[in-house]
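Peer 1: Quick one, fold the following:
(chains A, B, C and D, ligands or ions: 5)
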Amino acid sequence: MKVEEAKYYHQVDTVVVGAGLAGLRAALELARNNQAVGVITKVYPTRSHSGGAQGGIAASLANVAEDSPELHMFDTVKGSDYLGDQDVIELFVNEAIKTIYEFEHMGVPFSRTEDGKINQRPFGGHSSPRACFSADITGHVLLHTLYEQCLKYNVHFFNEYQVFSLLIKDDISRGVVAWDIRNGGLHIFHSKTVLLATGGYGRAFKITSNSFANSGDSLGLILENKLPLEDMEFVQFHPTGLYKHGILLSEAARGEGAYITNDKGERFMKNYAPEKMELAPRDVVSRAEQTEINNGRGINGQEYVYLDLRHLGAKKIMERLPQVQELALKYIKTDCTLEPVPIQPTAHYSMGGVPANIKTEVLKNGNGDIIKGLYTAGEASCLSLHGANRLGTNSLQGAATFGRIAGKSMSEFVKSNAYESLPSNPLEVANGKISSLVEGSGKEKHASLREELQKNMTKFLGVFRNEKDMLTMKQKIKELQDRYKKVIIDDKGKIYNLDLIEAFELGNLLVFSEVLIEGSLARKESRGAHYRTDFPERDDENWLKHTMAWKTETGVKLDHSKKVIIYWDRYPPQERKY
Amino acid sequence: MAKQKIKLKILRYTPEKQKKPYWSTYQLEVDQDSTVLDVLNEIHWNIDGSLSYRRSCRSAICGSCALKVNGQNILACETPIHKFKGKKLKIEPLPGFPIIKDLVVDMDNFFEKLRQIKPFLILKKPLPDKEFTQSPEQFSEIRESILCILCGACTSSCPSLWSNKDYLGPASLLKAYRFIFDSRDDGAMERIDMINDRNGIWRCHTIFNCMEACPKNINITEYISKLKVKIVENSI
Amino acid sequence: MYKKTKRYDLGYYNFIGTWAWIIHRLSGLALIFYVSLHLWVINTLTQGPEKFNNIMNFLSSPLFKYLEIGLWGIILFHAFNGVRIIIIDFFKGSFYQKKIFFILITIAFLMWATGSYILISHIN
Amino acid sequence: MKKNFKETSKTGARVWLFQRISAIILFVLLILHFVTYHFINKGIIKYTDIMEKMKSPWFNLIQFIFLLTAVYHGFNGIWMMVEDYVHPKLMRIVLFGIIVIIAFCLLFIGMLTIFKVSNL
Ligand SMILES: Cc1cc2nc3c(=O)[nH]c(=O)nc-3n(C[C@H](O)[C@H](O)[C@H](O)COP(=O)(O)OP(=O)(O)OC[C@H]3O[C@@H](n4cnc5c(N)ncnc54)[C@H](O)[C@@H]3O)c2cc1C
Ligand code: HEM
Ligand code: SF4
Ligand code: F3S
Ligand code: FES
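Peer 2: Ligands and ions are numbered 1, 2, ... in the order given. Modelled structure (predicted):
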């Protein structure tokens, strides 16, 4: 395969990278405002991982019980272990309601209450039933409805194009370079604004609920452009991952009243969160599970505990949780109406990501300086809505609401700004990556590297962390990064070259994982999803602040000067107890 | 986990190199409870990196990985190999669609057909301040149809499509049902006008392959029948 | 740009629905052929009793009796599968399409067996 | 850009519905016909038997309906198959012509028989 010259050039006002909930919502907003928009996505839009979300989407509609945005805000702030920026959270809880009604008007088939309103159910960490849902395929119906709306407004999709590099110069974004997966060849997208909505980075872990596409591409690209990432150490582990597979059994199962039991058949959550029991936030339940497992109380001393649904009755399970039943039956041949299901904690959500301000503009540093024309939303972003720990159902809402806000910001930006010129050799970076993979000198395959990375990340940076483990991992990642330089791929063709894509994704995994490790090492406290056995307490005095991390030639540069925005009078940090 | 030796045949095709697809045989050792996708990954990662296929969620919700294995369309990620009871696996891309490479087929036409049935609520009434009300009974009309993950397994398995590539196909018809029978929608007539066509719904001959293929067990044919009756009621 | 290949690979015939459809089609065609012949034969009625009775005698030879047995089978299959299709179309039959198929085909088979018995007993 | 699936023909609904209606009529008549002619009369039908029956106008009416539905159903069915397998427009029109001509020929032969014999 020969390296491509600039054969394909597109000029579009706005480019949206990623067609998950965040990307599509932004694209829709732009299209509705009559802006030219191109959506670049490496999988068909309906294949995006947002479709995997099951449980629900939060908004304080108060359809089923008393509720208010104020309460929603309080829960979110507390859930974030006070690391969430409260101006963002406030905007979020107020906009959430509008987002839901908009979705409903677009045609999202929500499950209904008897009197025909949108039904809501309780969810971990929320003090009131707040999760709007559609059986247990909430993300799926939202994603499909948004995609269909985009078809209605004739949004232009570049399906199966993968962004290989960002064109940023002098703190101004000028577009992206993307690889046409299907036909081969690099395309230049010259644009006024770019939105990064590429989803999470759970694929750095072995046991994960995330899809293959969640390789945190834009994180790697941001670091490569000498820009920082924020709060990367916070990775949420979900307590109900299917044993060995990591596939998620919806939290809705617990919402509907499932039990979690250990080897002795005991509902052990009573020792950890006596009030909320199984409905305590994910990090609490995951840690409880891991503790039970570590202390030999996993089922038969193995690495799993049981999720018990039997008392709900087959009818309710089939009606409310059909997907849970199906997944357990298909993957581990367990019929959850008759038997308990083996589960273990699984890497699930990435709180960290590309730093952005409340208008979703990407930040250059901790002082609030921005990169002009670059935006981010969804799981790839860190607006610090979720702080140190995300509450279930807040992320779909976050992706949709801030997708919309991003759309708005971008369409304003486009109106008052002209195209900036492209850098002199726009394809240089992308070509470099491709040729090093295709013409490399080594012998190693990317698969073995990835396997090693994921295994070790799960082992050393999992639910429980400590200094020693993390230092080991730091060594390891250096070694892996060196070995990556010698990786070579089997497939030298252009057409649908899966090998190339996977190898490229591995490159990103390796880059941001290092940042993740360094961030965790530096944060000498336990907060939210980040739990250190050597520093088991939360330390508000020293650590009530965000981590910004750059990758430099010499290693990772950290900066902890970015303050958390807290409304001290309303929500002073207090202990998180459930 | 006990290991197991398996043999399989995969239909390979690289348009840059071959004129026609050809069968290629593999022999490997995998876990007993592996899925078809695990096997493909194993080959791609450790044996032959040039094998291409689509996959994303590996939890049967994204619809990327529909393939034909031993004569039937399935989702690779949710089908364990023991389902084929020790038979040699024969893996091919979805029938009825053009192959791009190996197991990857061109779905553009499939999505284009979806676009044409106007898959979005068409509203002629004013928007309420809050949500439209819809009773649980009205919701249950469309409950099954919203499970569709647009994997294409159904459309690809339909003999009517094989002989007529312009046939709209069961997936799009199901989508049309989902909107026509949504109590909030006002655009039924527009959509009916679209699917009431020589290459639309009337190419369905109740062959039921679509239902056999659907990984979500959606009773597609039933919904197509309901549509046919509705169209007949409306146009005669 | 990749080349689009065409494949004529139709190996998807493991299912009742497919077979029912194929046989229904073929039987329909066969029936048209039969109806045409039949109309032509009956037309001899207009040419007087002689010709008609001759042909009828000719058609009662064993060979035609066996063909008639086949014809009866084709008619029954087409008729009963046709009824199945109608049930599916109008009476939510798709939930039980396989059951309906087996029930109706059993009835058809019994009718075919009885009919064949009668037809064979006519030969002598 | 892409080929639109839509053609303009809206006859599908009628083809479909009439195929079913004629099928139900045929179901009754065809089985009755087969039983009466092929089983009961030992299968050998005499000219005089028929002439006897032909005297009744009801019998003739039923025969006429039978003829009409059978030909309609059969050739409607063929037309459905043509729509399945034949795509070029011109070819379709030609085939449609052929189908209609054959159908009318058969109808003509059938009606000729009925009218001539029954002396109507
Ligand atoms: C199993 C599971 C269940 C969940 N359940 C819930 C729930 O019940 N409630 C809730 O609120 N949240 C839930 N979440 C979280 C929520 O689904 C995600 O946070 C949210 O969907 C993220 O949306 P997104 O738009 O940011 O990204 P995604 O939906 O992941 O989309 C990413 C997009 O980016 C594209 N992309 C990535 N890299 C590139 C590249 N290099 N070039 C081009 N395109 C690229 C991909 O193709 C994709 O279209 C769940 C998550 C998981 C994993
Ligand atoms: C005995 C009663 C009959 C019944 C109940 C019956 C029923 C049906 C039905 C329901 C169809 C529609 C199939 C579809 O839409 O896919 C059909 C098609 C057809 N029928 Fe009949 N039919 C009968 C007799 C006949 C006769 C006598 C002929 C011959 C003249 C015939 C020829 C056909 C043909 C050619 C088709 C088209 C096949 C296809 O499209 O697959 N049928 N029949
Ligand atoms: S109806 Fe079933 S088979 Fe067809 S696309 Fe949808 S999920 Fe796939
Ligand atoms: S297989 Fe095809 S013919 Fe109809 S019932 Fe399904 S769409
Ligand atoms: S990988 Fe998503 S459906 Fe199989």
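
Peer 1: Using the three-state scheme, assign the residue nearest the centre of chain C.
Peer 2: Taking CA atoms, centre = their mean, the centroid of chain C lies closest to C:Ile74, which sits 2.1 Å from it. Recorded secondary structure, C:Ile74: helix (DSSP: H, G, I helix; E, B strand; the rest coil).

Peer 1: pLDDT score assigned to it?
Peer 2: At C:Ile74, the pLDDT value in this model is 95.

Peer 1: From the chain's centroid, how far away is the lowest-mean-pLDDT helix or strand in chain D?
Peer 2: The weakest-scoring helix or strand in chain D, judged by mean pLDDT, DSSP states H and E, is helix D:47-54 (a mean of 80). In terms of CA atoms, centre = their mean, to the nearest Å, the gap separating the centre of helix D:47-54 from the centre of its chain is 23 Å.

Peer 1: Using neighbour counts, pick out the buried residues of that helix.
Peer 2: Of the residues in helix D:47-54, D:Tyr47, D:Ile50, D:Met54 count as buried by neighbour count, 16 or more other CB atoms under 10 Å in any protein chain shown. No exception for glycine: its C-beta is placed from N, CA and C like everyone else's.

Peer 1: you'd agree the first one is up against C:Ile55?
Peer 2: No - counting by CB atoms under 8 Å, C:Ile55 is not a contact partner of D:Tyr47; they are 10.2 Å apart.

Peer 1: contacting residues around the residue most central in space within chain D?
Peer 2: With distances taken as CA atoms, centre = their mean, D:Val71 lies nearest the centre of chain D, 1.3 Å away. Applying CB atoms under 8 Å, 6 or more residues apart in numbering or on different chains to D:Val71 gives the contacts C:Val35, D:Ala103, D:Leu106, D:Leu107, D:Gly110.

Peer 1: make it 6 Å
Peer 2: D:Ala103, D:Leu106, D:Leu107 (CB atoms under 6 Å, 6 or more residues apart in numbering or on different chains).

Peer 1: for A:Lys78, same thing?
Peer 2: Applying CB under 6 Å, 6+ apart, we find A:Lys78 in contact with A:Arg576.

Peer 1: next one: the one 3 residues further on
Peer 2: The contact partners of A:Asp81, by CB under 6 Å, 6+ apart, come to A:Gly387, A:Ala388, A:Asn389, A:Arg527, A:Gly528, A:Arg576.

Peer 1: so how far is C:Arg25 from C:Asn81?
Peer 2: Between C:Asn81 and C:Arg25 the computed distance is 10 Å (CB to CB, to the nearest Å).

Peer 1: out of those two, which sits in the busier spot?
Peer 2: Remark: of C:Asn81 and C:Arg25, C:Asn81 carries more neighbours, 21 against 16, as counted by other CB atoms under 10 Å in any protein chain shown.

Peer 1: thinking again about what came up before, surely the residue nearest to the centre of chain C meets C:Ala30?
Peer 2: Yes - using CB atoms under 6 Å, C:Ile74 and C:Ala30 qualify as a contacting pair, with a distance of 5.3 Å.

Peer 1: Identify the spatial nearest neighbour of D:Phe75, chain neighbours not counted.
Peer 2: Leaving aside its sequence neighbours, D:Phe75 sits nearest to D:Ala103 (CB to CB, 6 or more residues apart in numbering or on different chains; 4.3 Å).

Peer 1: tell me which of the buried residues of helix D:47-54 is nearest to ligand 2?
Peer 2: Nearest to ligand 2 among the buried residues of helix D:47-54: D:Ile50, at 20.3 Å, using CB to the nearest ligand atom.

Peer 1: if I look at that closest one, how far off is C:Asn57?
Peer 2: 15 Å.

Peer 1: Okay, now the unreliable bits of the chain?
Peer 2: I'll assume chain A. For chain A, the stretches with pLDDT under 70 are A:1-7, A:578.

Peer 1: The chain in question should be chain D.
Peer 2: Scanning chain D for pLDDT under 70 picks out D:1-9, D:41-44, D:119-120.

Peer 1: By proximity to chain C, which residue of it wins?
Peer 2: With CB to the nearest CB as the measure, D:Tyr47 is the residue of chain D nearest to chain C, at 3.7 Å.

Peer 1: need the contact list for that residue.
Peer 2: C:Pro49, C:Phe52, C:Asn53.

Peer 1: what does chain D have sitting close to ligand 2?
Peer 2: Within chain D, the residues that sit near ligand 2 (CB under 6 Å from any ligand atom) are D:19-20, D:23, D:26-27, D:30, D:70, D:73-74, D:77-78, D:80-81.

Peer 1: got a markdown table for those, with neighbour count, distance to ligand 5 and secondary structure too?
Peer 2: Output for the residues of chain D next to ligand 2, formatted as a markdown table (neighbours: other CB atoms under 10 Å in any protein chain shown; distance: CB to the nearest ligand atom, whole Å; DSSP: H, G, I helix; E, B strand; the rest coil):
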| residue | neighbour count | distance to ligand 5 | secondary structure |
| --- | --- | --- | --- |
| D:Gln19 | 18 | 38 | helix |
| D:Arg20 | 17 | 38 | helix |
| D:Ala23 | 20 | 40 | helix |
| D:Leu26 | 23 | 45 | helix |
| D:Phe27 | 17 | 44 | helix |
| D:Leu30 | 21 | 48 | helix |
| D:Ala70 | 24 | 49 | helix |
| D:His73 | 24 | 43 | helix |
| D:Gly74 | 24 | 44 | helix |
| D:Gly77 | 21 | 39 | helix |
| D:Ile78 | 18 | 41 | helix |
| D:Met80 | 18 | 35 | helix |
| D:Met81 | 15 | 36 | helix |
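
Peer 1: near chain B, from the residues you listed?
Peer 2: Among these, no residue lies close to chain B (CB under 6 Å from any CB of the partner chain).

Peer 1: From these, pick the one nearest A:Gly440.
Peer 2: D:Met81 (57.0 Å; CB to CB).

Peer 1: Now do the SS call for the spatially closest residue to the closest one that is not a sequence neighbour.
Peer 2: Once flanking residues are discounted, D:Met81 sits nearest to C:Arg25: 6.8 Å by CB to CB, 6+ apart. Following three-state DSSP, C:Arg25 is assigned to helix.

Peer 1: No more questions from me, cheers.
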